[in-house]
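Trainee: task: produce atomic coordinates for the following.
(2 chains)
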Number of protein chains: 2
Amino acid sequence: MRSDLDRLMAARELQAILVTGGEQPNTARRYLSNGVDIHGGMTIKKHGAEPVLIVGIMEVEEAAKSGLQVYTHNDFEWAQLLKAAEGNGEKALPEYYRRILAKLEIPPGRIGVYGVGDLHIWIDRIEKLRAALPEYTFVGDSGMTLFDEAYVTKDADELAIIREVARKTSEVLQTTWDYIAGHRAEGDTVVKADGSPLTIGDVKRFVRRELLDRELEDTDMIFAQGRDGGFPHSRGESDMALRLGQPIVFDLFPRQLNGGYHHDVTRTWSIGYATPEVADIYEQVTTAFFVALDAFEEPGQPTHIMQEAVQSYFESKGHPTGRSKPGTTEGYIHGLGHGVGLNIHERPSISHLAKEDRFQVGNFITIEPGLYYPERGFGVRVEDSFIINADGQLEAITNFHKELVLPLRG
Amino acid sequence: MRSDLDRLMAARELQAILVTGGEQPNTARRYLSNGVDIHGGMTIKKHGAEPVLIVGIMEVEEAAKSGLQVYTHNDFEWAQLLKAAEGNGEKALPEYYRRILAKLEIPPGRIGVYGVGDLHIWIDRIEKLRAALPEYTFVGDSGMTLFDEAYVTKDADELAIIREVARKTSEVLQTTWDYIAGHRAEGDTVVKADGSPLTIGDVKRFVRRELLDRELEDTDMIFAQGRDGGFPHSRGESDMALRLGQPIVFDLFPRQLNGGYHHDVTRTWSIGYATPEVADIYEQVTTAFFVALDAFEEPGQPTHIMQEAVQSYFESKGHPTGRSKPGTTEGYIHGLGHGVGLNIHERPSISHLAKEDRFQVGNFITIEPGLYYPERGFGVRVEDSFIINADGQLEAITNFHKELVLPLRG
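Mentor: Predicted coordinates:
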């Protein structure tokens, strides 16, 4: 969590962390800047000190909302530096950085460079900074990075937000279920009042509106029917009509508007009825879900044990898994879960390939077993999100039932 | 445009470009992959050849929509490499890249690394790749980068999409104007039927819905009233009530859902009436807008001439500008415009600091003069988007009137 940052910096012998990047949403910059993410700006944290923001003059008002010290490019005479470099920004930048590091009294040593941005620009820029400012060592980070370690546990303020996003997302599952249920069928096609088919595009539009009404935004949900659901990340075809007895994988992972905390939940629905084959597979997946919960004992336990319990269960039922048949595209083919937060995928990983990750108090994680048989025309996945609360318990924060069959009332 | 890529690669002596990154929207990856953006995947283009996608097994179905050759991590035995490296992905990666480059028969030489991702990961990874694969030189790019150059002109397929996004965005301006106009005032506060104030949050919610109904998404619009409008990038306060006679800067720059082409337009509205001071400034800004249009002569002309024409006009009216008073936070304090496309800010820049940029057929640009006086309680900006069409003409594609005063009908 945020209060770990100085410790994590010390472990990496970093005098400062510089979080920068372009106009893309930048979770590390937001995290360091009390929820403010200034597009194109920079946030620097000296070891032991509060972060400081450096932004364009047009962003001052937004940056001030962080409550942190704010400087503008003017404070370091950027325009004059740029003019002296005849408009060549890359040429002007090293002196600009030198002035910033001097102003913040960052001692010579290692500077960790973090954030999200254009890779080509930063691969190039780091070389120039290293050449121009030899007293500093600009370094990257890999594996379990500083922010991975910080994000892995959430503090009380974050958990309060996460619970609220979970509550709203669960509401949207209910309103979506009710929306679909309000339709009727003609033959095996779900239709609207005017007799035209209800499409995946219609449902996605409904879901996005329901999210917006709750100040959440979609981040490319999955609503994949039949064979499409057999490919875990297939988004679904907008113009496809909903059909009776065709299982739909509905994976919803919205976040607070304009960047912020996510929720992550998946349901599999079969409208009207389920085929015996799908009902049987669904029962196995929900059983696997409880196998996973049962495998949780306490914080400190390696996460891969939970994945292996699920793999053993699925293998006992005759399904190939990523362990029994690496590279399989049928059966149980992905990790059991992952951390969630400002990013949709954070640590810990719950995978047989992630041997180092352990459960900790403050984790916000998913558990999402699934079985995929595209050639048999379906996939099934069930996912809830959990936190590991202060009592060390795995606590479900998704609040929505797990019925497979969605009956039409229309 | 896309057909320039081989030429742009040759100019940089690149054997291949490798477009990679994380789960963030990645415009270069999307651009190279016929509109598909596989989160976490990689697209490689060998000079003279079509791009190739490399994705996880879960993404195969989505990747295939590109119509390009698709490989999976399995094709390079990623799981086995990871296992051999005891789960340490960074240790396994160089051999993985070696196999990919060999399979695609990329000759030894320079490989340009592009895309959007976590800077710390790639700063670190590039060093490891350079050490492990000395026959290749992995390079970044800066200044006017390869993708900047490609993006600067749009082909006919892109322009057709851009016109359609412009049409839809213009519609949303009209429905938003009508929505606000449908309210009434109590005193100087705009109120709803139940007498409660109409807030900026209400308007933003309405706008986001209108965008969604047209398969567009908001990317953090500005709707800033009064003094807030005096800070060009202040987003506006959600709980602030709309008030008569307080100018509102409404800057809308949505894009196609889940990444895609943007539009960019700004209007300044004053509800019920405008103060003489604001009406006068508004007239100057709209005059500046036409000064800009008049400064355009033909493709090939340096863009900064247009900015300088506007600066000269504003200076003649007694306003400080970024040229007459670098670093000013009052008056005309930003560039006149910029390219737009998959990214909201592309080249060319229309700024007195960008001496190299020239207008070209196929440009998609904004023109957006403004005046900012936060201490006097307002800002004013007017912006339309334009393309430079095949006839070399500057053609407006935003289609919405520029009335300042928005009268209430309620």
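Trainee: count the residues that sit near the residue lying closest to residue A:357 once chain neighbours are set aside.
Mentor: Spatial nearest neighbour of residue A:357, excluding adjacent residues (Cβ to Cβ, 6 or more residues apart in numbering or on different chains): residue A:348 at 3.6 Å. Bear in mind the C-beta positions are built from the backbone N, C-alpha and C, glycine included. Residue A:348 has 23 neighbours, counted by other Cβ atoms under 10 Å in any protein chain shown.
Trainee: can you list the strands that the helix or strand residue A:348 falls within pairs with?
Mentor: Using DSSP states H and E, residue A:348 sits in strand A:346-350. In the sheet, strand A:346-350 lines up against strand A:337-339 (antiparallel) (DSSP bridges).
Trainee: what does the stretch 301-410 of chain A put close to chain B?
Mentor: Within the stretch 301-410 of chain A, the positions adjacent to chain B are A:322, A:326-327, A:329, A:333-334, A:343-345, A:353-356 by Cβ under 8 Å from any Cβ of the partner chain.
Trainee: in three-state terms, label residue A:334 for me.
Mentor: The three-state assignment at residue A:334 reads coil, by DSSP: H, G, I helix; E, B strand; the rest coil.
Trainee: can you pull the contacts of it?
Mentor: A:232, A:322, A:370, B:58 (Cβ atoms under 8 Å, 6 or more residues apart in numbering or on different chains).
Trainee: and with 6 Å instead?
Mentor: By Cβ atoms under 6 Å, 6 or more residues apart in numbering or on different chains, the contact list for residue A:334 reads residue A:232.
Trainee: packing partners of the lengthiest helix in chain A?
Mentor: Across chain A, the helix with the greatest residue count (assigned by DSSP state H) is helix A:156-181. The contact analysis (3 or more Cβ pairs under 6 Å, 6 or more residues apart in numbering or on different chains; DSSP states H and E) places helix A:156-181 against helix A:200-212.
Trainee: how many neighbours does the nearest residue to residue A:51 once chain neighbours are set aside have?
Mentor: Using Cβ to Cβ, 6+ apart and skipping residues adjacent in sequence, the residue nearest residue A:51 is residue A:45, 4.1 Å away. Other residues within reach of residue A:45 by the criterion other Cβ under 10 Å amount to 24.
Trainee: pairing partners for residue A:45 in the sheet, please.
Mentor: When assigned by DSSP bridges, residue A:45 has beta-bridge partners residue A:17.
Trainee: tell me, what's the model's pLDDT at it?
Mentor: Reading off the confidence values, residue A:45 has pLDDT 98.
Trainee: what do you get for residue A:354?
Mentor: 85.
Trainee: tell me the SS of it?
Mentor: coil.
Trainee: how many residues are close by it?
Mentor: Residue A:354 has 20 neighbours, counted by other Cβ under 10 Å.
Trainee: other SSEs contacting the strand ranked longest in chain A?
Mentor: Scanning chain A for the strand with the most residues, using DSSP state E, yields strand A:109-118. In terms of contacts (3+ Cβ pairs under 6 Å, 6+ apart), strand A:109-118 is packed against strand A:14-21, helix A:27-32, strand A:136-139, helix B:119-132.
Trainee: do the last one and chain A meet?
Mentor: Yes - using Cβ under 6 Å from any Cβ of the partner chain, helix B:119-132 comes into contact with chain A via B:119, B:120, B:121, B:122, B:123, B:124, B:126.
Trainee: buried residues in that helix?
Mentor: Neighbour-count burial for helix B:119-132, counted by 16 or more other Cβ atoms under 10 Å in any protein chain shown, picks out B:119, B:120, B:121, B:122, B:123, B:124, B:125, B:126, B:127, B:128, B:129.
Trainee: repeat that for stretch A:168-186.
Mentor: Neighbour-count burial for stretch A:168-186, with 16+ other Cβ under 10 Å as criterion, is recorded at A:168, A:169, A:170, A:171, A:172, A:173, A:176, A:177, A:180, A:183, A:185.
Trainee: could I get the residues you listed in JSON lines, plus columns for pLDDT?
Mentor: JSON lines is the format used below for the buried residues of stretch A:168-186 (pLDDT from 0 to 100):
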{"residue": "A:168", "pLDDT": "98"}
{"residue": "A:169", "pLDDT": "98"}
{"residue": "A:170", "pLDDT": "98"}
{"residue": "A:171", "pLDDT": "98"}
{"residue": "A:172", "pLDDT": "98"}
{"residue": "A:173", "pLDDT": "98"}
{"residue": "A:176", "pLDDT": "98"}
{"residue": "A:177", "pLDDT": "98"}
{"residue": "A:180", "pLDDT": "98"}
{"residue": "A:183", "pLDDT": "98"}
{"residue": "A:185", "pLDDT": "97"}
